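Trainee: for reference, the sequence and a predicted model appear below.
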Amino acid sequence: MPTGYARIAYESIPGNETNTPTLSTKKLFPPVTSLGPKPGTAHLSRDDEVRNTDEPLAVIPEAYTPSWDMTSRCYPDTLAFVLGLALGAPTTTVGNGVITDLGGTAIPTGAYRHRWTAPFGPSGASPNSAQVDVAYSDQSVYYKLKGAGVSELGITAPEEGGAQVTASGPCLYLNRQSDPSLSPSYETLSIRPFTRGNLTIPSQLSGSATTEDFSVNITNPQEVVRSLGIASRWPDVLEKANEGPIVVSGEINKRQLDADDIDALKSATGFALRAQFASDTMITGSYPYTFNISCSNAQYTEGDPDSLVNTRRHGHSFMWKSTTTSTGSTTVEVVNATSSYA
């Protein structure tokens, strides 16, 4: 079998071609099913120059606008780490048999509650970023990514293949490096990823039709800037974009048409929404690895009924969005055996 790995570490500041951020103590070797470094190479074409020739001129390097994306099953440690890139550092609380998860269950000693509450962090102009080392070991090709942000994060639970987390975003620097000679250390195989069978939706619109599918999308607008602070073909500044705040949204599909759902979309009715994954694997005793997302004021923002055709059942697909009528509109939580994401 081919060998290779990726390692992700948080950066103290967004890394670029010339700086050297301090890396987090916690580092992740995600068991990815895909991780793509995208160099974003742009060459300077000079074919518009008057040179008395009817041939294309040699291009030259001009700029690089790199990006990256990854897909992994929703293992508890991997999911929490990537959420930390998208939402900022979590508030971590040690389980003691008294504190509870978002479902109200006491969290025992040996488990750790990592919680993100809107408005999400970090403060300041820059989002969280990471250094990613990518090794195509069999082909002796190694990449280093610096200033890697997560502008889009998705969580889905298909019928087969396990729940999936996808992440993508811009980078400030992506180039080949010598072999970093890292020793991959993965989340143990005895810890299972979340699957569709672990997913429930304890709170949703009252009177809603039967739910067929549910997904989460986190949008964290980011942009890269060539500030002219350094001489580089790569951008050097990663900033939060001007478009707006971090948005938590998703899709919820219904198996039948229902007046309550239709009226809620028409009237922009707010409702409490909570979805939970509870793993088959226990952290300690009978307490499982869990992932919760709770929205105090979810709203349907768009959605169309199935076309009228000659079938027994017609469903309805809705896009939902977590909005606020006060602070703390959205809470995201992972409970696992990792003590810190610092």
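Mentor: Yep, that arrived.
Trainee: in the helix or strand hosting Glu333, what's buried?
Mentor: Per DSSP states H and E, Glu333 falls inside strand 330-336. When burial is assessed from 16 or more other C-beta atoms under 10 Å, strand 330-336 yields the following buried residues: Thr330, Thr331, Val332, Glu333, Val334, Val335, Asn336. For the C-beta atoms, the positions are set from N, CA and C on the backbone; glycine is no exception.
Trainee: now do the helices in the stretch 201-342 of the chain.
Mentor: 259-267 (DSSP state H, counting those that start in this stretch).
Trainee: now do the strands in the stretch 1-150 of the chain.
Mentor: Per DSSP state E, counting those that start in this stretch, the stretch 1-150 of the chain has strands spanning 5-11, 23-28, 32-38, 41-44, 60-64, 67-73, 91-94, 112-117, 130-136, 141-148. These are given in chain order.
Trainee: kindly calculate the angle that the strand holding Glu333 makes with strand 112-117.
Mentor: 170 degrees (axes from the mean of the first three to the mean of the last three C-alpha atoms, to 10 degrees).
Trainee: list of residues touching the longest helix anywhere in the chain?
Mentor: Secondary structure of the chain per DSSP state H: the longest helix is helix 76-87. With contact meaning C-beta atoms under 8 Å, 6 or more residues apart in numbering, helix 76-87 is reached by 8, 10, 26, 28, 30-31, 70, 72, 90, 114, 116, 120-121, 128-130, 149-150, 153, 155, 165, 167, 187, 191, 194, 218, 220, 246, 279, 289, 291, 332, 334-338, 341.
Trainee: hmm, 6 Å instead?
Mentor: Around helix 76-87, the neighbours that count as contacts under C-beta atoms under 6 Å, 6 or more residues apart in numbering are 28, 30, 72, 114, 116, 120, 128, 130, 150, 153, 165, 167, 187, 218, 220, 289, 334, 336, 338, 341.
Trainee: what does the model give the spatially most central residue of the chain for pLDDT?
Mentor: Geometric centre of the chain, nearest residue: Leu153, 2.9 Å, by C-alpha atoms, centre = their mean. Predicted confidence (pLDDT) for Leu153: 98.
Trainee: where in the chain is pLDDT low?
Mentor: Across the chain, the ranges flagged by pLDDT under 70 are 1-2.
Trainee: longest strand in it, please.
Mentor: Across the chain, the longest stretch assigned as strand under DSSP state E is strand 287-305.
Trainee: that one - contacts with which helices or strands?
Mentor: helix 259-267, strand 271-284, strand 316-322, strand 330-336 (3 or more C-beta pairs under 6 Å, 6 or more residues apart in numbering; DSSP states H and E).
Trainee: highest mean neighbour count out of these?
Mentor: Burial of the helices and strands packed on strand 287-305 is given as mean neighbour count (mean count of other C-beta atoms under 10 Å); strand 330-336 ranks first at a mean of 25.
Trainee: name every strand pairing with that one and say which way it goes.
Mentor: Here strand 330-336 has these sheet partners by DSSP bridges: strand 112-117 (antiparallel), strand 287-305 (antiparallel).
Trainee: with distance to Pro14 and mean neighbour count as extra columns, can I get the ones you listed in TSV?
Mentor: Below are the strands paired with strand 330-336 laid out as TSV (distance: least, C-beta to C-beta, whole Å; neighbours: other C-beta atoms under 10 Å):
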stretch	distance to Pro14	mean neighbour count
strand 112-117	20	20
strand 287-305	27	21
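Trainee: nearest to Pro235, out of these?
Mentor: strand 112-117 (27.1 Å; C-beta to C-beta).
Trainee: list of residues touching the closest one?
Mentor: The contact list for strand 112-117, computed with C-beta under 6 Å, 6+ apart, reads 80, 87, 90-93, 107, 328, 331-335, 339.
Trainee: for the residues you listed, name the two members farthest from one another.
Mentor: Farthest pair in the contacts of strand 112-117, by C-beta to C-beta: Gly328 and Ser339, 25.1 Å.
Trainee: what angle sits between the longest helix of the chain and strand 67-73?
Mentor: 150 degrees.
Trainee: so which bits of helix 76-87 are buried?
Mentor: Pro76, Asp77, Thr78, Leu79, Ala80, Phe81, Val82, Leu83, Gly84, Leu85, Ala86, Leu87.
Trainee: let's have these in JSON lines, adding distance to Val237.
Mentor: Shown next, in JSON lines, are those (distance: C-beta to C-beta, whole Å):
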{"residue": "Pro76", "distance to Val237": "33"}
{"residue": "Asp77", "distance to Val237": "30"}
{"residue": "Thr78", "distance to Val237": "28"}
{"residue": "Leu79", "distance to Val237": "29"}
{"residue": "Ala80", "distance to Val237": "27"}
{"residue": "Phe81", "distance to Val237": "24"}
{"residue": "Val82", "distance to Val237": "23"}
{"residue": "Leu83", "distance to Val237": "24"}
{"residue": "Gly84", "distance to Val237": "21"}
{"residue": "Leu85", "distance to Val237": "17"}
{"residue": "Ala86", "distance to Val237": "19"}
{"residue": "Leu87", "distance to Val237": "21"}
